[in-house]
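Colleague: make a model of this:
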Amino acid sequence: MFFRFMTSRLPSLIRIGLGMVFVYAGIIKLMDPKDFARIISQYDLLPELFLPVAAIGLPLLELLAGIGVILSIRGSLSLVFTLLIFFIAILWYGILKDLNVDCGCFSGEELKGQAGLWEAFYRDLIMTGASIFLFFLRWIQLDQKVVFPLLAKIKQII
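Modeller: Residues are numbered from 1 along each chain as shown. Okay, the predicted model is just below:
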């Protein structure tokens, strides 16, 4: 029973949940790109000229990646994983520089300051772990002839 849940329902729940987080984040930021541009500027990583492009392009990418993950479109999970690594790197930069800024994850008032950066950092690590779990299950499904018999033996032990 547990094995069936782990290989059938749980991945779908994780995939849809992960996709919905990205869809929500993208929509919220697209609703107020000026506020998101302000948040991006606080990290002082981009020239002001590129802020409008990033403030629209990044949320649009999040939205499309989220929809793609929900619909299981090829390459979407890789895009979500890449975005998460990118976000983790930026959050880590903010933590190391001791920036007192909004994380920029969702709304402009969501997580402010160092505590907010740490919270967003850990949340992104968890979502990265979920992505790795989905990649692992996809790998298992691609190699059914070798891996599934092995998992069946593990199931007998459990």
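
Colleague: when you work out contacts or count neighbours from here on, use the C-alpha atoms and nothing else.
Modeller: Will do.

Colleague: does Ile39 touch Val101 like I think?
Modeller: Yes - using CA atoms under 8 Å, Ile39 is in contact with Val101, at 7.4 Å.

Colleague: list the contacts for the residue nearest to the spatial centre of the chain?
Modeller: With distances taken as CA atoms, centre = their mean, the chain has Leu84 as the residue nearest its mean C-alpha position (4.5 Å). Leu84 makes contacts with 124-125, 127-128, as judged by CA atoms under 8 Å, 6 or more residues apart in numbering.

Colleague: what about it, which SS state?
Modeller: Secondary structure for Leu84, judged by DSSP: H, G, I helix; E, B strand; the rest coil, is helix.

Colleague: just checking, Trp118 touches Ile95?
Modeller: Yes - the pair Trp118 / Ile95 is scored as a contact, 7.2 Å apart, by CA under 8 Å.

Colleague: isn't Ile27 right next to Leu63, touching?
Modeller: Yes - distance between Ile27 and Leu63: 6.7 Å, which falls inside the contact criterion (CA under 8 Å).

Colleague: the more surrounded of those two?
Modeller: Leu63 (24 against 16; other CA atoms under 10 Å).

Colleague: what does the helix or strand where the more buried one lies contact?
Modeller: Following DSSP states H and E, the helix or strand that holds Leu63 is helix 51-70. The list of residues contacting helix 51-70 from outside it, by CA under 8 Å, 6+ apart, reads 15-16, 18-27, 29-30, 33-34, 36-37, 40-41, 74, 76-77, 79-80, 83.

Colleague: so who does Cys27 touch?
Modeller: Just to correct that, residue 27 is Ile rather than Cys. With contact taken as CA under 8 Å, 6+ apart, Ile27 is in contact with 59-60, 63.
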